[in-house]
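> based on what follows, work out the 3D shape:
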Amino acid sequence: MKNLPLISVIVPVYRVEQYLDRCLRSITEQTYRNLEIILVDDGSPDRCGAMCDAWAEKDGRIKVIHTPNQGSSAARNTALDAAKGELISFADSDDYMSPEMLAHLHGLMSEEVDIVECDFTVTNDDSAEFVIREDSVSRYDACAAMKEHICDRIFRQVIWNKLYRRSVIGNVRFPVGKKIDDEFFTYAVIGNAVGLIRTESVCYAYRQQQDSIMHTVPVRTWFAGVEAKVLRHEYLLVHF
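Presented below is the predicted three-dimensional model:
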């Protein structure tokens, strides 16, 4: 693994005491070993900050950044600015990965590919089942991927089932203060890509919990999704 590129795995952490160990265990146990794991403790009021520090003591690949609470957007931006990896991956701190996820996605990368996406499973516990499918891979250019993104079929706005070349993210950042921040991010990164790959391998477990952000935000915050689509429309008019 010494000659393989460094992957920076970015994890914002806030009030996930119950789930954090499962998440970090799944990242540190990746078969792809050349990782920089950036944990941003977003001013979490529980034990998460101390848990992050304890994990950093156990694994030298983990870097912990403690910040005042500003939300996951600011936390991810902080990590992106600090990241040293040629490749970037995101994880939510209440979710977890297949042990082979990053190795599998990296194996599909090439000079002509900037983003690789896998499938995911929805779960409410720690026993999600993963499936690697070597025979189910599709290639897209940015225009074809954007069509799928608009239709919300594949290359959806979620950020955690993808491996990105650092250069394709460039200066794109998450809007601070928006609850549905990935909708402002993903279309711009897809638009920067030359080639994208989609594998139907199920490598990521998306945990559904009743107290998660998506279940507790006031209805008015969903208007952020409308705002993001307006901005995406303006972006498409210019770039596509």
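
> list the contacts for residue 181?
Contacts of residue 181 were listed using Cβ atoms under 8 Å, 6 or more residues apart in numbering, and they are 71-73, 76, 174-175. In short, each C-beta sits where N, CA and C put it, glycine included.

> just the strands in this protein please.
Taking DSSP state E as the test, the strands found in the chain are 7-13, 35-42, 62-67, 87-90, 96-97, 115-123, 137-141, 162-165, 195-207.

> ok, which of these comes nearest residue 22?
strand 96-97 (5.2 Å; Cβ to Cβ).

> can you list the strands that that closest one pairs with?
strand 195-207 (antiparallel) (DSSP bridges).

> now the strand it pairs with against strand 115-123, angle please.
20 degrees (axes from the mean of the first three to the mean of the last three Cα atoms, to 10 degrees).

> next one: strand 195-207 to chain centre, how far?
Counting by Cα atoms, centre = their mean, to the nearest Å, strand 195-207 is centred 11 Å from the centre of its parent chain.

> what's the answer for stretch 140-153, then?
18 Å.

> check stretch 160-177 too.
Taking Cα atoms, centre = their mean, one finds stretch 160-177 lying 8 Å from the centre of the chain it belongs to.

> pLDDT-wise, which helix or strand of the protein ranks last?
The weakest-scoring helix or strand in the chain, judged by mean pLDDT, DSSP states H and E, is helix 213-216 (a mean of 52).

> point out where the protein drops to low pLDDT.
1-2, 210-220 (pLDDT under 70).

> report how many residues lie close to the residue nearest to residue 113 when sequence neighbours are not counted.
Among residues not flanking residue 113 along the chain, residue 195 sits closest, at 4.5 Å (Cβ to Cβ, 6 or more residues apart in numbering). When neighbours are defined as other Cβ atoms under 10 Å, residue 195 has 17 of them.

> try residue 46
Neighbour tally, residue 46, other Cβ under 10 Å: 14.

> list the residues that contact the residue nearest to it when sequence neighbours are not counted.
Leaving aside its chain neighbours, residue 46 sits nearest to residue 17 (4.8 Å; criterion: Cβ to Cβ, 6+ apart). Contacts for residue 17 (Cβ under 8 Å, 6+ apart) come out as 46-48, 51.

> of those, which belong to helices?
The helices, defined by DSSP state H, take in 48, 51 from those.

> buried only: go through the contacts of residue 17 for me.
48, 51 (16 or more other Cβ atoms under 10 Å).

> and the furthest pair within the contacts of residue 17?
Top of the distance list for the contacts of residue 17 (Cβ to Cβ): 46 and 51, 8.8 Å.

> for this protein, which helix is longest?
Max-length helix for the chain by DSSP H is helix 223-239.

> what's it in contact with?
With Cβ under 8 Å, 6+ apart, helix 223-239 has contacts from 146, 150, 178-180, 183-184, 187-188, 191.

> hmm, 7 Å instead?
178-180, 183-184, 187-188, 191 (Cβ atoms under 7 Å, 6 or more residues apart in numbering).

> check which residues of it are buried.
In helix 223-239, counting by 16+ other Cβ under 10 Å, buried: 224, 228, 232.

> what separates it from the chain centre, distance-wise?
21 Å.

> next, the residue nearest to residue 46: phi, psi?
phi -50, psi -40 (degrees, to the nearest 10).

> and residue 124, by the same measure?
Backbone torsions of residue 124, given as degrees, to the nearest 10, read phi -130, psi 20.

> let me see the contact set for it.
So residue 124 contacts 207-209 (Cβ under 7 Å, 6+ apart).

> same thing with residue 91?
Contacts of residue 91 by Cβ under 7 Å, 6+ apart are 9, 11, 23, 27, 97, 160.

> tell me the bridge partners for residue 62.
residue 37.
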